[in-house]
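Visitor: here are the coordinates; sequence isn't available:
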Ligand code: SF4
């Protein structure tokens, strides 16, 4: 078994159906930034992720994240469409592939106790797509109880401070960082290109500005308080995420 469904139920954000799917159990996946890690996806349980982004129904798995973009009505067709999405996750890659496999029945549902066993001694990336805040905290506490190491990020740190135990607060400004730290998080801050890091922050070694020296699977600083790291992490805006800062500055 290379993947499984570890949660199928309502989103903590809006009660709509979501699923949590762990993939790469045997082969460690093929993500070039993270290296070999079990990739855990959080997606709508009833919609292709590409459609959910266009209708705005991705709110169930991403909440109020600023990188979702906004929904406008196309005046010609009357259809809803997404404008200004700046999320770094490319939907055509992981999320669509996982959705297609899910709808083909590739991933069996397992109990949380079984999920805990299957993930024991693995390195896991929580939220290869989707925010861990969409999932009941108890699911994470049980399923991740015996993992070797993990990385996780949440934009929903205001709403779900219990995630600080195993997730970094994703921050898009220094003000965000101050608030997230007050709630008990370590932070992962994306800063505008050229801006220096702040006191208490270390550079992400997987960043282009650091020569992409290390993959997450061998760094593992981004596991919230579960990680051995104490410093916060920062990275220059890059890829699709840089769009958000360009819009803010305009
Ligand atoms: S600091 Fe380490 S774990 Fe965090 S994103 Fe960068 S390489 Fe990955």
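Guide: Good, I have the coordinates. What you see is a predicted model, and the numbers here were worked out from it, not measured in a lab. Numbering: from 1, shown residues only.
Visitor: Where do the helices of the protein begin and end?
Guide: All helices of the chain, identified by DSSP state H, fall at 49-55, 59-62, 94-103, 112-119, 137-143, 174-182, 216-219, 242-249.
Visitor: now, of the ones you listed, which is deepest in the fold?
Guide: helix 59-62 (a mean of 25; mean count of other Cβ atoms under 10 Å). Every C-beta, even on glycine, is put in place using the N, C-alpha and C of the backbone.
Visitor: Might you list the low-confidence residue ranges for the protein?
Guide: Across the chain, the ranges flagged by pLDDT under 70 are 29-30, 239-250.
Visitor: Spell out which parts of it neighbour the ligand.
Guide: 151, 204-206, 214, 216, 219-222, 233 (Cβ under 6 Å from any ligand atom).
Visitor: Please convert the buried members of the residues you listed into ChimeraX selection syntax.
Guide: Buried residues among the residues of the chain next to the ligand (16 or more other Cβ atoms under 10 Å), as a ChimeraX selection:
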select :151,204,205,206,214,216,219,220,221,222,233
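Visitor: What is the nearest of the residues of the chain next to the ligand to residue 121?
Guide: Using Cβ to Cβ, residue 220 is the member of the residues of the chain next to the ligand that sits closest to residue 121, with 13.8 Å.
Visitor: Look at the closest residue to residue 84 other than its chain neighbours and say how many residues are nearby.
Guide: Counting by Cβ to Cβ, 6 or more residues apart in numbering, residue 69 is the residue found nearest to residue 84 once chain neighbours are left out, at 4.2 Å. Neighbour count of residue 69, defined by other Cβ atoms under 10 Å: 20.
Visitor: check contacts around residue 69.
Guide: 53, 82-87 (Cβ atoms under 8 Å, 6 or more residues apart in numbering).
Visitor: Among those, name the buried ones.
Guide: 53, 82, 85-87.
Visitor: In a markdown table: these, plus distance to residue 198.
Guide: Output for those, formatted as a markdown table (distance: Cβ to Cβ, whole Å):
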| residue | distance to residue 198 |
| --- | --- |
| 53 | 32 |
| 82 | 32 |
| 85 | 27 |
| 86 | 22 |
| 87 | 24 |
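Visitor: which one of these sits closest to the ligand?
Guide: residue 87 (15.6 Å; Cβ to the nearest ligand atom).
Visitor: Quick check: that closest one touching residue 68?
Guide: Yes - in terms of Cβ atoms under 8 Å, residue 87 counts as a neighbour of residue 68; the distance is 6.6 Å.
Visitor: Spit out the residues that contact those two alike.
Guide: residue 62.
Visitor: Spit out the contact partners of the residue nearest to residue 1 when sequence neighbours are not counted.
Guide: Using Cβ to Cβ, 6+ apart and skipping residues adjacent in sequence, the residue nearest residue 1 is residue 25, 6.3 Å away. Shown in contact with residue 25 (Cβ under 8 Å, 6+ apart): 1-4, 38, 118, 122.
Visitor: So what sits opposite the closest residue to residue 7 other than its chain neighbours in the bridge?
Guide: In space, and not counting its chain neighbours, residue 7 is closest to residue 20: 3.9 Å by Cβ to Cβ, 6+ apart. Beta-bridge partners for residue 20, by DSSP bridges, are residue 7, residue 42.
Visitor: picking up where we left off before, tabulate the contacts of residue 69 (a markdown table), appending distance to residue 180.
Guide: Shown next, in a markdown table, are the contacts of residue 69 (distance: Cβ to Cβ, whole Å):
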| residue | distance to residue 180 |
| --- | --- |
| 53 | 25 |
| 82 | 26 |
| 83 | 27 |
| 84 | 24 |
| 85 | 23 |
| 86 | 19 |
| 87 | 19 |
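Visitor: Among these, pick out the one closest to residue 98, please.
Guide: For those, the nearest to residue 98 is residue 53 (14.5 Å; Cβ to Cβ).
Visitor: I figured that closest one hits residue 82, correct?
Guide: Yes - with contact defined as Cβ under 8 Å, residue 53 counts as touching residue 82 (5.3 Å).
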